[in-house]
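> Got a predicted model here, sequence first, then my questions.
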Amino acid sequence: MDYWVRFMNRFPTVEALAKATEDEVLLLWQGLGYYSRARNLHHAAKQIVQLGHFPNTHETISTLKGVGTYTAAAIASIAFNIPVAVVDGNVYRVLARFFGIDTPINSTEGKKQFAALAQSLLPQHEPARYNEAIMDFGALQCLPVKGETSKLNNKTGKANKCNHVSDLAPAFCNSCPLNSQCVAFAQGLVRSLPVKTKLVTPKKRQMSYLYIRYGGDVAIRKRPAGDIWQGLWEPLLFQDEVIEDNKGEKKHSKRAKNSVKQFPSSQLLTYLDLLAEGQLDNPSAPSSPSKRGIQNATSPTIIGNFAFKHVLTHRIIKAQFVVMETVVKPSLPAEYIWVAENSLSHYAIPRLFELFLEKLNEPIKT
């Protein structure tokens, strides 16, 4: 709710949102995750302003950035009474159980099958009421299965005067007004429907960062398009490797430039020296390790390792941060800029970077 209040106070109208910069939008969104939604919302606001009004047909609503099949159908039917059926998780569950459909709901075939079925059931004269009713029915009555199995009326073998009873039916089936017609209830399939194919195992990713401090400034860059945290700011990324599976992780740990136990490595220390001396043209591709030079008053001070495990929807990130404090201004790749460290709160940053800053700024225990 706090996020909503802040967002609406800053952007009370669609025009205000459309005029904002992406950095302003992402900064207010920071901490919520799913940053593509913020970018899509911002883009959609610009589309609406350019159109001059909110689109009022299913086709034009579907053209708004970030508005998918379900959202377009919900807006069209509920806001404009256009006869388009909604199919969300609740609707999938109700239809799969009531009709006994075992086609995976997250397959291409399943999406088409359920969409066609939902549309065939939709009353053309009251699409909004029907769509809201079936979604509510799934949310309040035909629930996801949780807890223990409830055996229904063992003595009579009946429930709600229904002659078809499954010993595997959840308790909420007792009170369901549709259980006499429900295929899943009659055949003992309530707990196994709807069917969903196994999701892809999240990829594992190793990321190592340099947090470079120089004269009260730190080096950051805006992450490019086409990857996680697009448009958010981060410190200098030294290492970024995707680990496909557990077997790959084992091999990776042997090849890694910086394992958790050996961070910073000799290669990284050499890299830091070259960076501080302005001798590195491409810090994202460090040269092979060499002996670290003789330390002097201008050599950087290294603080760390700070290690984190950060879990996202499709990725598990093992991240490491090392702080480099230097009195000699390092050369940086073109995409990095220097900003005052005390102004970092003005930049939208990933939660991972935020966790590091929280750890870095923790008071020292005595």
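Everything's here; your move.

> drop to CA atoms for contacts and neighbour counts, all remaining ones
OK.

> can you pull out the strands in this protein?
Listed in chain order, the strands found in the chain under DSSP state E are 203-214, 217-222, 233-234, 236-243, 301-311, 315-325, 336-340.

> May I see those strands organised as a markdown table, with distance to residue 140, mean pLDDT and mean neighbour count added?
Putting the strands of the chain into a markdown table (distance: least, Cα to Cα, whole Å; pLDDT from 0 to 100; neighbours: other Cα atoms under 10 Å) gives the following:
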| stretch | distance to residue 140 | mean pLDDT | mean neighbour count |
| --- | --- | --- | --- |
| strand 203-214 | 35 | 90 | 20 |
| strand 217-222 | 44 | 94 | 20 |
| strand 233-234 | 42 | 95 | 22 |
| strand 236-243 | 41 | 84 | 18 |
| strand 301-311 | 31 | 86 | 15 |
| strand 315-325 | 32 | 90 | 20 |
| strand 336-340 | 51 | 94 | 16 |
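
> Mind checking the ones you listed for the one nearest to residue 63?
If you check each of the strands of the chain against residue 63 by Cα to Cα, strand 217-222 wins as the nearest, at 28.1 Å.

> which stretches of this structure have low pLDDT?
In the prediction, the chain carries residues with pLDDT under 70 at positions 146-167, 244-299, 364-366.

> Quickly list the domain ranges of it.
Listed by automatic domain parsing, the domain ranges of the chain are 55-196, 203-360.

> Is it possible to get a markdown table of the strands of the chain that adds distance to residue 117?
Output for the strands of the chain, formatted as a markdown table (distance: least, Cα to Cα, whole Å):
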| stretch | distance to residue 117 |
| --- | --- |
| strand 203-214 | 35 |
| strand 217-222 | 45 |
| strand 233-234 | 45 |
| strand 236-243 | 41 |
| strand 301-311 | 37 |
| strand 315-325 | 34 |
| strand 336-340 | 52 |
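
> just to revisit the earlier point, nearest to residue 5, of the domains of the chain?
domain 203-360 (18.1 Å).

> Could you tell me the end-to-end distance of the closest one?
Taking Cα to Cα, to the nearest Å, domain 203-360 runs 27 Å from one end to the other.

> Counting by contacts, list what the helix ranked longest in the chain packs against.
Ranked by residue count and defined by DSSP state H, the top helix of the chain is helix 35-51. Contact here means 3 or more Cα pairs under 8 Å, 6 or more residues apart in numbering; DSSP states H and E; on that basis helix 35-51 packs against helix 14-19, helix 22-29.

> contacting residues around it?
With Cα atoms under 8 Å, 6 or more residues apart in numbering as the test, helix 35-51 has contacts from 14-15, 17-19, 22, 25-26, 29, 54-55, 64-66, 229-230.
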